[in-house]
Structure formats: C-alpha cells, structure tokens
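Asks: Could you look at this predicted model? Sequence included:
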Protein chains: 2
Amino acid sequence: MTRHKNTEQKIFDAATELFLEKGVDRTSVRDIAAKAGINLALLNYYFRTKENLFNSIFSELMKENTRKLIEILDSDLSLEEKIQKYVAEYTDVLLENPLLVSFVMAILHRSWDKITQLEAISYLYGTEKFTQQLFDEAKKGNIRKTNPTQFFVDMLSLITFPFAIKLLIMDKASITEDEFKTFIRERKKRVPRILINELKIK
Amino acid sequence: MTRHKNTEQKIFDAATELFLEKGVDRTSVRDIAAKAGINLALLNYYFRTKENLFNSIFSELMKENTRKLIEILDSDLSLEEKIQKYVAEYTDVLLENPLLVSFVMAILHRSWDKITQLEAISYLYGTEKFTQQLFDEAKKGNIRKTNPTQFFVDMLSLITFPFAIKLLIMDKASITEDEFKTFIRERKKRVPRILINELKIK
DNA sequence: GTCTATAATTTGATAGAC
DNA sequence: GTCTATCAAATTATAGAC
C-alpha cells in the first residue's frame, strides 16, 4: 500500500523537520504549512496552536527515541554489558537524528515549568533499576562506590555532547560529515571503556 | 569613582542578561531598551541592528571567559596538572555564569556560516600546544596513544554538559540550586580523575 | 544624544465560503 | 476538510523634532 500521507501526518512531518533544523522560535507556522503543501488555516484546523503542535512533536520524538534505551537500562544484563549496549544504542539513535540533541537542549533552556508538565521529559534520565544496580555492585565490592547521578551525568555527557558541538568539531578538526560519523562511531568503544574504568577499584 | 554606566554599556548589559536568560530569539529589542531604561530608538542609534548587538555581545562573552583557559592550555605545566587546572578553572567560569553553556549551544545550532565568521568561536576549542603535548607524551611512552580531538571532546563534554542539563538534574535528583553547585564542585576532582585514568597505560 | 511617533513587515490565529 | 481573505498583535527599524 504505497499510501500518500494524510494531512495531519504531512503537517506533523514538515513541522518536525523544521523545528529540528531551525529551532521552534525561528520556524513560523506559515513555513510549516508551505512545506506540508497545505494552507495555513488548515494547519490550525488540525493543531489548534503552534504550542500545541510543538507539544505533540516533542512528546512523540521523546517516546520514539528513548523506548529502546529504557529497555536496556531495565534489562537484566551485567553492568558492563549494559553500559556498552546503552552507549552503542544511544549513539546510533543520535547518528540517525543528529539534530535531536540541540533541539532538546534548546527546549531545556526554555520555561522549565511548562516543560516539566510534559511527561516526555522524564524519558531523558536514567531508571531506578540502573541506579540500584550501581548501588548493589558497590556494596558487593565489585566496583568503586560512586554517586549514581554523577555517573549517569558522565555517561550522558560523553554520549550526547559531541553532537551538540558537531559543527565546531567538523570545523576545527577540518573533517567532513562522513568523517564526523566515523569519529562518533569510534566513541562506541571509547566511552564505555572510560566509564567502566572509572568504576574499577584501583 | 562610583560612576554611573554610560548608555552604551547599559544597553550592552541589559541585552547580555536577557539573551542569556531567554535566548536571542525570544528577546525583543523593546525589552532590551526597557531594561536598559532608555528608548528604543536610542538603542538603534548605538547598535544599528539587533544582529549587530548580538555579535558584539557574543564576541565579548567569548573573549572574557576563555582568556584564562587558553593561558592554561598554553602554559608549561605537566599534562596532569594542566588537566586539573583546566577543569577547575572552566568549572568556575561556568559556575559564575551557568547560562553561558546553553546560550553558546543555541548559537552553535544557528546558521553556522555566520558564526564561523565570528573569530570568537575559535576560543572554544583547544590549542595547538596542548595537542602537541598529548602527542609528545604518548611518543615518550608516558601515556596511552590517544586521538587528541577525542580526548578534548571528552574533556569538554564532562565539564560543560552538566550545565546544559542543569534543570533536568535538579528536577530528577530533587536538589536545590545550592546542591547543584555542590554537585558541580565535586566534579572538579572527579572529571580530572576520569580523564587522567583514560590516559594511563594499562 | 535622546526622545516621540510611526512605518514596514512578520506572525499567530480566525471568520466564513465552498 | 480545505480554502481565501483578513484581523490583531508584535517586532525591527527609521524619520524627524529637540
């Protein structure tokens, strides 16, 4: 069934692309309607306001991209395997959608009150089970005692930040888009090594 | 001399504060004029356009905040000391100006062509001397052979990213502003340890 | 240098016909 | 469901008086 998208989906896709590329504030609803190939009034018929459209898109993007990550954190893998899988999967998600990081960070910089009401935001952070696992392994003497929040922040930083400064890296290291991807793929081995090293008892 | 600021400085300061707090796009020149306690037309008399005002502020912020960091990277300290000092100093800069990170990252997400023309952006990245030092130490067998760009990205990520997700951390870990600062200060020991560990030959 | 007033454009949103 | 036409508000920028 090579169906053509329905109107709602066309608007949704056009808006997603523009929001990611130019940011929410610099994207007008007129631009979105134009890109979707429909009329401005029709956009308003489906999504009543720009704010509403944004909320839908944000929630959807978060759910879509974090489902697998949560599964990994909540799995029964060993800590070491879990870290390796999480880093690899997260990296792959961002390789496919490299604008996601700066988009989310722009959102985080906005009015926090509104954001916290979006249930979607919680998907960004670690899970209870993972925290517990760090705690238990330390108690058993298998790893260094560590602050789980610090450790999770280390992990998030090393995985996502390079995407936020992608253009800076490409510029300064004089590399192409493809070479940047290689650069990132190298980190799938590098980052878990750093993290696991930090947990080892010396 | 408790001089009152001249008009240009008043505009500059008001704009800086608003840009950092609300982002460039969500700040109108009217807001800036109001905050500076002057008229809208006068703002235009000093800085011809909003874009121009932004460029001035961005350049100034970069220069101001990276001067000391460059000095450290270009000093004759040992690699280990250098990393420790750099992390500590950078962390302090951001503790004093926590909105700087998301501001800069929002800028990086904008039209890159315009940004690269701002000489200021180069201050963000490492120096030739530091890269050379990593290279030399590896050659002498004192540290693991490493990709300097990867290493510098690790360092930048671990230092700055936590500030970008400050509100997320505070929300999820249920901590106050002050506790967040403590959280960050703990990283002045943590981050160098992680980085130096990564360089050690196993 | 500083102001008032206003032009010119853009933007989010709606009314109303088909 | 989809469109044309338009409103109302906000925004950047300028003209011109003092």
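Replies: Arrived safely, thanks for sending.
Asks: Only C-alpha atoms from now on, for both contacts and neighbour counts.
Replies: Fine.
Asks: Let me see the contact set for A:A34.
Replies: A:L40 (CA atoms under 8 Å, 6 or more residues apart in numbering or on different chains).
Asks: tell me which element it is part of?
Replies: helix A:29-36 (DSSP states H and E).
Asks: Show me which positions of that helix end up buried.
Replies: Of all the residues in helix A:29-36, those buried under the rule 16 or more other CA atoms under 10 Å in any protein chain shown are A:V29, A:I32, A:A33, A:K35, A:A36.
Asks: repeat for stretch A:186-196
Replies: Using 16+ other CA under 10 Å as the test for burial, stretch A:186-196 gives A:R187, A:K188, A:R190, A:V191, A:P192, A:I194, A:L195.
Asks: Equivalent analysis for stretch A:61-72, please.
Replies: A:M62, A:K63, A:N65, A:T66, A:L69, A:I70, A:I72.
Asks: do it and chain B meet?
Replies: No - Stretch A:61-72 stays clear of chain B (CA under 8 Å from any CA of the partner chain), getting no nearer than 14.5 Å.
Asks: Same question for stretch A:11-19.
Replies: No - using CA under 8 Å from any CA, stretch A:11-19 stays clear of chain B, with a minimum separation of 11.5 Å.
Asks: now that stretch: how far from the chain's centre is it?
Replies: Remark: stretch A:11-19 is offset 17 Å from the chain centroid, using CA atoms, centre = their mean, to the nearest Å.
Asks: which residues sit against it?
Replies: Applying CA under 8 Å, 6+ apart, the contact partners of stretch A:11-19 are A:V24, A:T27, A:I32, A:A33, A:K35, A:A36, A:L43, A:L53, A:I57, A:F103.
Asks: In this structure the last one contacts A:L20, no?
Replies: Right, the one you point to is A:F103. Yes - between A:F103 and A:L20 there is a contact at 5.8 Å, judged by CA atoms under 8 Å.
Asks: Between helix B:177-199 and the helix or strand harbouring A:F180, find me the angle.
Replies: Using DSSP H and E, A:F180 maps to helix A:177-199. Compare the direction of helix A:177-199 with that of helix B:177-199 by axes from the mean of the first three to the mean of the last three CA atoms, to 10 degrees and you get 100 degrees.
Asks: shaky segments in chain A?
Replies: Scanning chain A for pLDDT under 70 picks out A:1-4.
Asks: residues from it in reach of chain B?
Replies: A:22, A:25-26, A:102, A:105-106, A:108-110, A:112, A:125, A:149-150, A:153-154, A:157-158, A:161-162, A:164-165, A:167-168, A:172-173, A:183, A:194, A:197-198.
Asks: now do 7 Å
Replies: A:25, A:102, A:105-106, A:108-109, A:153-154, A:157-158, A:161-162, A:164-165, A:194, A:198 (CA under 7 Å from any CA of the partner chain).
Asks: Also within reach of DNA strand C: list those from those residues.
Replies: Within the set of the residues of chain A next to chain B, contact with DNA strand C (CA under 7 Å from any atom of the strand) is found for A:D25.
Asks: now the strands: where do they sit in chain A?
Replies: Along chain A, no stretch is classed among the strands by DSSP state E.
Asks: Show me it divided up by domain.
Replies: Annotated domains of chain A cover A:1-48, A:57-199 [automatic domain parsing].
Asks: Reformat these into a markdown table and put distance to B:L95 next to each item.
Replies: Formatted as a markdown table, the domains of chain A follow (distance: least, CA to CA, whole Å):
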| stretch | distance to B:L95 |
| --- | --- |
| domain A:1-48 | 27 |
| domain A:57-199 | 16 |
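Asks: can you tell me which of those comes nearest to B:T91?
Replies: Set against B:T91 and scored by CA to CA, the domains of chain A come closest in domain A:57-199, at 14.6 Å.
Asks: so A:I72 makes contact with A:Y86?
Replies: Yes - using CA atoms under 7 Å, A:I72 makes contact with A:Y86 at a distance of 6.3 Å.
Asks: just to revisit the earlier point, just the buried residues of the residues of chain A next to chain B.
Replies: Buried members of these, scored by 16+ other CA under 10 Å, are A:102, A:105-106, A:108-109, A:153-154, A:157-158, A:161-162, A:164-165, A:194, A:198.
Asks: So for stretch A:107-118, what gets flagged as buried?
Replies: Residues of stretch A:107-118 classed as buried by neighbour count (16+ other CA under 10 Å): A:I107, A:L108, A:H109, A:I115.
Asks: distance between that stretch and the chain's centre?
Replies: 16 Å.
Asks: Can I get it in CSV? Just the C-alpha atoms.
Replies: Extracted in CSV, the C-alpha atoms of stretch A:107-118 (Å, rounded to 0.1, in the frame of the first residue of the first chain):
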residue,chain,number,x,y,z
ILE,A,107,13.9,23.2,24.9
LEU,A,108,15.6,22.6,28.3
HIS,A,109,16.6,26.3,28.2
ARG,A,110,13.0,27.4,27.9
SER,A,111,10.5,27.9,30.6
TRP,A,112,11.1,24.9,32.8
ASP,A,113,7.6,25.0,34.3
LYS,A,114,5.9,24.2,31.1
ILE,A,115,8.5,21.5,30.2
THR,A,116,8.1,19.5,33.4
GLN,A,117,4.5,19.1,32.7
LEU,A,118,5.4,17.2,29.6
